[in-house]
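1. kindly return the folded structure for what I paste below:
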Amino acid sequence: MRLPTFLARAGLLGTLTASLIGPIAPAFAQPAFPAQKPITLVVPFAPGGGNDLLARVIAPKMSQTLGQTILVDNKPGAGGNLGADLVAHAAPDGYTLVIASSQVTMNPFLGMKVPFRIERDFEPVGRIASVPIILVANNDQPFKTLKEFIDYSRQNPGKLSYSSPGNGTPQHLAGEVFAKLNKTELLHVPYKGTGPSITDLIGGQVQISFATYASAAQHVQAGKLRALGIAGAKRSTLMPQLPTFAEAGLKGYEADLWYSLLAPAKTPRPVVDKINAALVAALKSPEVAEQLTKQGFESQPSTPDELKAYIAQELARWEKVINDNGIKVSL
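-> Now for the predicted structure:
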């Protein structure tokens, strides 16, 4: 039985339409990440600090792997919260990322206003590296060893000032924890970034600083600063001559600094995995590894899930340390 002419023509028109739409439809699909636009890597501190150094080391290599430009954008302020919050509220498409330091697991318990929750508002991408925090002093100070500094600070409460890259930073917290454990007082002088905090230490405007190895080592090696000790559980291979605070008689003192790459929450997992693969490839490349070692970093690549578990562990650790020592920070 033959179909009526108009039905046959309608069927033919439908077939032709389907055949035309079929190949055209994929052209309207979203382009594969990261083909759309450059990626912005936010550094929530001024140039010169650990976050900034890492960003500028890994960005070129990640850019090669991803086939897309990565722009490093410094957004300092509020102890790193400003830049991190910008990323927390960015579109979850993989084109806006942040290099976060371990302070994101400290800030929630310091009494400051934190406009985001690390475990709710970000997708972990991967760990990057860690760096030891060392105690450095202006060369004019009377203490020459870590033990002498511990004794001097205890005998002279409130007479020593220390610099940090800003309120709520790990370097700031390192000083607060030390003062509490050593039963003394230190005057905290916050700066807008690592660079100016070290510059004023060299100039004598402040006496000491709990600084990252990456920011202070070159000045120690040049004889402009005096390194006294390391705020870690064990000595560093980078400066094996430096004793830990425990070795100098201050038990239980440990303040380390690690860095990670985060994306806004709800960033698709395939996008997160692609960025993670580029990060791991960068960290494992000989040229990046060499640059990190020279600047005092220990490479620590991880999966997104490993970083998520580590963040949860660090949140629990710092909540206890901060609450047990009654440490509060105002911004």
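
2. which residues touch residue 83?
-> Contact analysis of residue 83 by C-beta atoms under 8 Å, 6 or more residues apart in numbering lists 42, 43, 44, 45, 74, 75, 76, 77, 98. Any C-beta I mention is one placed from the backbone N, CA and C, and that applies to glycine too.

3. adding pLDDT, write the residues you listed out as CSV.
-> Putting those into CSV (pLDDT from 0 to 100) gives the following:
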residue, pLDDT
42, 98
43, 96
44, 92
45, 85
74, 95
75, 93
76, 88
77, 82
98, 98
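
4. inside strands: which ones of those?
-> Cross-referencing those with the strands (criterion: DSSP state E) gives 42, 43, 74, 98 as the overlap.

5. burial check on the third one, number of neighbours?
-> When you say that, I think you mean residue 74. The tally of other residues near residue 74 (other C-beta atoms under 10 Å) stands at 17.

6. what's the spacing between it and residue 260?
-> Look at residue 74 and residue 260: by C-beta to C-beta, to the nearest Å, they are 18 Å apart.

7. still on that earlier bit, which one (most neighbours) among the ones in strands among the contacts of residue 83?
-> Top of the ones in strands among the contacts of residue 83 by neighbour count (other C-beta under 10 Å): residue 98, with 29 neighbours.

8. so that residue touches residue 84, yeah?
-> Yes. Using C-beta atoms under 8 Å as the test, residue 98 is close enough to residue 84 to be in contact (5.5 Å).

9. hey, what's in contact with both of these two?
-> The overlap between the contact sets of residue 98 and residue 84 (C-beta under 8 Å, 6+ apart) consists of 42, 44, 262.

10. quick one: classify the last one as helix, strand or coil.
-> The assignment at residue 262 comes out as strand when based on DSSP: H, G, I helix; E, B strand; the rest coil.

11. okay, and the beta partners of it?
-> Taking DSSP bridges as the rule, residue 262 bridges to residue 98, residue 124.

12. hmm, it is touching residue 98, no?
-> Yes. With contact defined as C-beta under 8 Å, residue 262 and residue 98 form a contacting pair (5.2 Å).

13. nice, that's everything, thank you.
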